[in-house]
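S.K.: quick one: sequence plus predicted model below, questions after.
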2 protein chains.
Amino acid sequence: MSTSSPDRAVDRLEDRLSRLPLRERKKLRTRRAIQDHALRLFAEQGYDATTVEQIAAAAEISPSTFFRYFPTKEDVVVTDEYDPIMAQVIREQPAELSAIDALRAMLREVLPQAFTTDMETIKTRLRLTAEVPALRARTFESMRNTFELLSEAISERTGRAPDDPEVEAFGWAVLGVMQAAMNRLMDGKATYEELPDLLDHYLEFLGRGCPV
Amino acid sequence: MSTSSPDRAVDRLEDRLSRLPLRERKKLRTRRAIQDHALRLFAEQGYDATTVEQIAAAAEISPSTFFRYFPTKEDVVVTDEYDPIMAQVIREQPAELSAIDALRAMLREVLPQAFTTDMETIKTRLRLTAEVPALRARTFESMRNTFELLSEAISERTGRAPDDPEVEAFGWAVLGVMQAAMNRLMDGKATYEELPDLLDHYLEFLGRGCPV
DNA sequence: CTATCTTTTGAGAGTTACTCTCATTTCATA
DNA sequence: TATGAAATGAGAGTAACTCTCAAAAGATAG
């Protein structure tokens, strides 16, 4: 299995950081500081028990500045950078693969890579998302973003319009089975090691018409 | 197409109201008053521009009491009573139908019924859900409830465990295509008249393995 | 019908996420 | 080094929720 594509996709992101005007680099550093301190405090004290004021103090900024970087406290946990990478890797799959097989190949590439580089953050975020109602709710908004990128990539591969009714149904069905897998993970009915296989199985199951 | 089942299911709900201790009946009346006034005010002034204080004043209760009936302002819009009815109607379908066909039959029964009795409320709720980010987010929590009832009903029909991995994947895939249909409705790409056919087509499409 | 017990309600104070405004500082450019 | 633009901090304000406690309303026994 090729491992170079997601590396490249990630590298492209990291690369951009270094050769940026000072101002922009400082902003990115501040953003990351906020997120790191926030996740640490959430893990230590719990989400609700941690105030924005505390996060701002830990990151050495003012509360006003916090809200300039993250419109809500929830965004600190919910915002991630994987969606564009996943969309990109879908596009890089051979054209002869079906949409479902392209998705399966993408996940087999991206998941191990993400787990290797960011396991701790991923675990913290998933645990918070499972436990805090406000964060669970926000998940849906981020699914809508994922849907946009996903249906765009699918549309390109299949030559159908991005707002084709069946493309949209397919996109949401895929997000559905992904959510099913995430829920099993959050409920402790599956482990992180099993996740790639579970997702693969779910997509194949979807392609067979969900025979139950 | 049978029309008696959803009538009975609804009737059973309405029936209970009449022969209830005074206290309970008053509570239900208060609850409905809050919801009616809230939806009216939201429609007139917008969701964000309407405060809980205004709703409480309109319903002639105190703000404290508002939060005893609805834990959050969002719940007033998001809470609905259709899920148990839908689960019940799924159970009433002939055993020889596949899970997907049972769902299709259920929707052909329940949707017209719901549209006939509650069209105004449904439209208001859907429009608010489309427009207000906080409400969009909350949709996901109510999907989780729907999932519980749905997977329970599917599990009974198929004889598989409710937490069987494939039952869960199927349930979320179904919720996915339903969400796809709702989104088309909210985006103005489909009408309420077309919704039953669209949903029917989506479920059939799902049963064919989503060939895109 | 009265008295008691339980449940529901209202009033009010407190917390915190989030918004807005304006003065100040920090960085970019000539 | 001076000038303009963008980022920051400080502070005041709003509104959704939480908690506590006393008053009111409904249920129940005598």
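M.R.: Thanks, I have it. Just so it is clear, the model here is predicted, and its values are computed rather than measured.
S.K.: is A:L175 in contact with A:T146, as I believe?
M.R.: Yes - counting by C-beta atoms under 8 Å, A:T146 is a contact partner of A:L175 at 6.4 Å. C-betas here are computed from N, CA, C, even on glycine.
S.K.: ok, the two, which is more surrounded?
M.R.: A:L175 (23 against 18; other C-beta atoms under 10 Å in any protein chain shown).
S.K.: contacting residues for the more buried one?
M.R.: A:L175 sits next to A:M143, A:T146, A:F147, A:L150, B:G176 when contact means C-beta atoms under 8 Å, 6 or more residues apart in numbering or on different chains.
S.K.: keep only those that also lie close to DNA strand D.
M.R.: Among the contacts of A:L175, no residue is within reach of DNA strand D (C-beta under 7 Å from any atom of the strand).
S.K.: tell me which of those is nearest to B:T116?
M.R.: Distance to B:T116 across those (C-beta to C-beta) is lowest for B:G176, with 27.1 Å.
S.K.: what sits closest to that closest one if chain neighbours are left out?
M.R.: A:G176 (2.8 Å; C-beta to C-beta, 6 or more residues apart in numbering or on different chains).
S.K.: for the one you found, give me its contacts.
M.R.: Neighbouring residues of A:G176 by C-beta under 8 Å, 6+ apart: B:A169, B:W172, B:A173, B:V174, B:L175, B:G176, B:V177, B:Q179.
S.K.: where's the second one, which helix or strand?
M.R.: Which is B:W172. Secondary structure from DSSP states H and E places B:W172 in helix B:165-186.
S.K.: relative to helix A:165-186, how tilted is that helix?
M.R.: 140 degrees (axes from the mean of the first three to the mean of the last three C-alpha atoms, to 10 degrees).
S.K.: please enumerate the helices of chain A.
M.R.: For chain A, helices defined by DSSP state H occupy the ranges A:4-18, A:22-45, A:52-59, A:63-69, A:73-78, A:82-92, A:99-131, A:133-158, A:165-186, A:195-207.
S.K.: out of the ones you listed, which is the most enclosed?
M.R.: Highest mean neighbour count among the helices of chain A (mean count of other C-beta atoms under 10 Å in any protein chain shown): helix A:165-186, with a mean of 23.
S.K.: pLDDT of that helix, averaged?
M.R.: What helix A:165-186 shows for mean pLDDT is 98.
S.K.: is stretch A:137-146 in proximity to chain B?
M.R.: Yes - Stretch A:137-146 reaches chain B (C-beta under 8 Å from any C-beta of the partner chain) through A:A137, A:R138, A:T139, A:F140, A:E141, A:M143, A:R144.
S.K.: tell me the one of those residues nearest B:P112?
M.R.: Checking the residues of stretch A:137-146 next to chain B against B:P112 with C-beta to C-beta, the nearest one is A:F140 at 27.7 Å.
S.K.: ok, that closest one touching B:L135?
M.R.: No - counting by C-beta under 8 Å, A:F140 does not reach B:L135; the two are 10.4 Å apart.
S.K.: contacts only, for the most centrally placed residue in chain A.
M.R.: Residue closest to the mean C-alpha point of chain A, counted by C-alpha atoms, centre = their mean, is A:Y82 at 4.5 Å. By C-beta under 8 Å, 6+ apart, A:Y82 lies in contact with A:V110, A:A114.
S.K.: can you list the low-confidence ranges for chain A?
M.R.: Where chain A drops to pLDDT under 70, the residues are A:1-19.
S.K.: repeat the analysis, applying 90 as the threshold.
M.R.: By pLDDT under 90, the weakly predicted segments of chain A are A:1-24, A:79-81, A:118.
S.K.: enumerate the residues of it near DNA strand D.
M.R.: Contact residues (C-beta under 7 Å from any atom of the strand) of chain A with DNA strand D: A:R23, A:K26, A:K27, A:T30, A:E60, A:I61, A:S62, A:S64, A:T65, A:R68, A:Y69.
S.K.: what parts of chain A come near DNA strand C?
M.R.: Near DNA strand C, when you scan chain A using C-beta under 7 Å from any atom of the strand, you find A:21-23, A:26, A:50-53, A:63-64, A:67, A:71-74.
S.K.: which member of those residues is positioned nearest B:R208?
M.R.: B:R208 lies nearest to A:E74 out of the residues of chain A next to DNA strand C, by C-beta to C-beta, at 37.8 Å.
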